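Novice: Mind looking at a prediction? Sequence and model below.
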Amino acid sequence: MRITKAEFIKSGTNKSHMLDGGKPEFMFCGRSNVGKSSFINALCNRKNLAKTSSKPGKTITLNMFNINDLLVLVDVPGYGYAVRSKSQIEQFGKMIEEYITTRKELKCAFLLVDFRHEPTEDDKTMYDFLKYYNIKTIVIATKMDKVKKSQYDHQKKLIKDKLELDSFNQIYPTSSETREGLDKILEIFDEYVE
């Protein structure tokens, strides 16, 4: 897929705020400092589509983006890094769980992890959570430009082992800076668009 139109539609915090229309939806989740907003902007070839910040944890709602009038990207609050109150963490958890369990339009979740490091316990919990609800999940490893090529296989093994994936093939290394690997993610969208 070539993205020619990408626009913010709306934000929401519960199922009553979700969109009508039945377009396929793709959820993006990950740690607060994993580079989720930068990744979405690079994927859509837009500088400020998803709001980025030097302070992690900018996203506090489910943010929906129209792509080519064919599908919707849903950016959910990050976890594990930003300073949050216990009640806010619980609120985010309920918001994401409600979205996952009630949206028949949700076709796939992209779990973003940092390619430089072993996934955290929070990453593993999120992956297991998505698996429990039978959500097709693709692991995107961000910041590959900051990893030496000689270390790629080692880093992929770290991610595979920690998340207990079936194979290396479930991990897509990408870079928002160099745009490396983004074409493979765009190809995934084509599977769901007629």
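Specialist: Cool, the structure landed. Residues are numbered from 1 along each chain as shown.
Novice: Below-threshold pLDDT in the protein: ranges please.
Specialist: The model of the chain has pLDDT under 70 over residues 52-59, 81-89, 194.
Novice: Let's see that with 80 instead.
Specialist: The chain contains residues with pLDDT under 80 at 21, 51-60, 80-93, 167-169, 194.
Novice: where exactly do the helices run in it?
Specialist: Along the chain, counting by DSSP state H, helices occupy 36-44, 86-102, 121-132, 152-163, 182-190.
Novice: Using CSV, lay out these together with distance to F28 and mean neighbour count.
Specialist: C-beta: built from backbone N, CA, C; applies to glycine. Formatted as CSV, those follow (distance: least, CB to CB, whole Å; neighbours: other CB atoms under 10 Å):
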stretch, distance to F28, mean neighbour count
helix 36-44, 6, 22
helix 86-102, 11, 14
helix 121-132, 12, 16
helix 152-163, 17, 17
helix 182-190, 10, 15
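Novice: Of all those, which one is nearest E25?
Specialist: Shortest distance between E25 and those, using CB to CB, is found for helix 86-102: 9.0 Å.
Novice: by contact count, what packs against the closest one?
Specialist: Judged by 3 or more CB pairs under 8 Å, 6 or more residues apart in numbering; DSSP states H and E, helix 86-102 is in contact with strand 25-30, strand 62-67, strand 106-114, helix 121-132.
Novice: related to what we said a few turns ago, JSON lines for the helices of the chain, including distance to E25?
Specialist: Converted to JSON lines, these look like this (distance: least, CB to CB, whole Å):
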{"stretch": "helix 36-44", "distance to E25": "14"}
{"stretch": "helix 86-102", "distance to E25": "9"}
{"stretch": "helix 121-132", "distance to E25": "14"}
{"stretch": "helix 152-163", "distance to E25": "23"}
{"stretch": "helix 182-190", "distance to E25": "11"}
